[in-house]
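Chemist: A structural model of the following input is requested.
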Amino acid sequence: MGVVKLSDYRSQENQADKPEYTGKGFALIHRQFMDSKLYRDSQAVHLWLHLILKANYSPAVVSTDIGEMTVGRGQMITGRPKLVAETFIPDNKVKSLLRSFESKGMLKIEAIGRKFSLITVLKYDDFQPQNCPTDVQRLSNANTSNNAALGDDCPTDVQRLSINNNIYNNSLAKANESALANEKLPRKKTSVSCRDVIDAYHEILPEAKSVRALTEKRRSSIQTFWRKAGVVTRQLDGHGFSMEDWRKYLTYIRDNCRWMFEERPNPQRGTVWHKKGIDYLLNDNVYLKVREGDHDDR
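Modeler: Take a look at the predicted model:
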């Protein structure tokens, strides 16, 4: 895989041939990447982050040695030697990681000629949505410079515009859809992602049925439960249902409702009693009975 990237093209190329904001602005990394075995490899994390940052945010027409090419959103033209030079990761490691990324459906690599390849970050739109207002995106890019210090907060103007335009942090598409999306949010209320809800479930109840897919039905169930559990929690505790309440709910079940995780025959019906999963727990009646102690072990 050869080396021809945007920075390697002929110096006389037109300005229109270059992406307007290449290398600037924001990029997102999905937390699901932490669940991959690749996350244990620091060089894999480095290379993946590098590819996300280098991918085009918007399409661009560039001039190459074989003529003009359109490099789409989520794509880049590069090669192993260039990636090695940019990341200081050994060539054989870069080659191995690119193969792993491609085999896992994270990348698509297409050889173009003998000198370079077109790399496409698959599902780029899922993780890098274009939901930022034009003015915010422009200010974000305009306030990014090579010499600027990295801060914890957005620039003031960007933050103001973001608030005024009701920009919520649903930036990871449906996998990170707010569990409170269907509930009218009061001020200062922090939205909770469906992915965080699932992660807490796996963390606190590792013996329960594993959730392997976050389907549309499950997202809807989480949203509905969050709203209905909020009604119960307000009556019992005087506040809405939060992520902290979800974790307390699961912890109480772990410590006091062990029967939910047993597999045993049911002689009365001639069936098998199967352990419960998240679909059972996402029920406001179950939540109420757990809060009132009706589901405690006997």
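Chemist: and Gly72, what does it touch?
Modeler: Residues in contact with Gly72 (CB atoms under 8 Å, 6 or more residues apart in numbering) are Asn56, Pro59, Thr120. Glycine gets a C-beta too; all of them are placed from N, C-alpha and C.
Chemist: apply 10 Å and report the result again.
Modeler: Ala55, Asn56, Ser58, Pro59, Ala60, Leu118, Thr120, Tyr124 (CB atoms under 10 Å, 6 or more residues apart in numbering).
Chemist: now the residues you listed as JSON lines including secondary structure, distance to Ile198 and pLDDT?
Modeler: Converted to JSON lines, the contacts of Gly72 look like this (DSSP: H, G, I helix; E, B strand; the rest coil; distance: CB to CB, whole Å; pLDDT from 0 to 100):
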{"residue": "Ala55", "secondary structure": "coil", "distance to Ile198": "27", "pLDDT": "89"}
{"residue": "Asn56", "secondary structure": "coil", "distance to Ile198": "31", "pLDDT": "88"}
{"residue": "Ser58", "secondary structure": "coil", "distance to Ile198": "32", "pLDDT": "84"}
{"residue": "Pro59", "secondary structure": "coil", "distance to Ile198": "34", "pLDDT": "87"}
{"residue": "Ala60", "secondary structure": "strand", "distance to Ile198": "37", "pLDDT": "86"}
{"residue": "Leu118", "secondary structure": "strand", "distance to Ile198": "35", "pLDDT": "90"}
{"residue": "Thr120", "secondary structure": "strand", "distance to Ile198": "28", "pLDDT": "93"}
{"residue": "Tyr124", "secondary structure": "helix", "distance to Ile198": "23", "pLDDT": "81"}
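Chemist: which of the residues you listed count as buried?
Modeler: Ala55, Asn56, Ala60, Leu118, Thr120, Tyr124 (16 or more other CB atoms under 10 Å).
Chemist: got any ranges where the stretch 51-200 of the chain has weak pLDDT?
Modeler: Applying pLDDT under 70 to the stretch 51-200 of the chain flags residues 65-66, 127, 129-191.
Chemist: what ranges do the helices span in it?
Modeler: 80-87, 91-103, 124-127, 134-142, 156-164, 194-204 (DSSP state H, counting those that start in this stretch).
Chemist: can you pull the buried residues of stretch 49-69?
Modeler: His50, Leu51, Ile52, Lys54, Ala55, Asn56, Tyr57, Ala60, Val62, Ser63, Thr64, Met69.
Chemist: ditto for stretch 77-93
Modeler: Across stretch 77-93, burial judged by 16+ other CB under 10 Å covers Ile77, Thr78, Gly79, Arg80, Lys82, Leu83, Val84, Thr87, Ile89.
Chemist: what's the answer for stretch 101-111, then?
Modeler: For stretch 101-111, a neighbour-count test (16+ other CB under 10 Å) marks Phe101, Met106, Leu107 as buried.
Chemist: between the residues you listed, which is nearest Ala213?
Modeler: Using CB to CB, Met106 is the member of these that sits closest to Ala213, with 18.0 Å.
Chemist: for the closest one, which non-adjacent residue is closest in space?
Modeler: Leu122 (6.1 Å; CB to CB, 6 or more residues apart in numbering).
Chemist: got the contact list for the one you found?
Modeler: Gly74, Phe101, Glu102, Lys104, Gly105, Met106, Leu107, Lys108.
Chemist: same question, Gly293
Modeler: Tyr252, Asn256, Cys257.
Chemist: please report the distance of it from Cys194.
Modeler: For Gly293, the distance to Cys194 (CB to CB, to the nearest Å) stands at 28 Å.
Chemist: any idea of the mean pLDDT in the longest helix anywhere in the chain?
Modeler: Assignment by DSSP state H gives helix 216-237 as the longest helix of the chain. Across helix 216-237, the average pLDDT comes to 91.
Chemist: great, nothing more from me.
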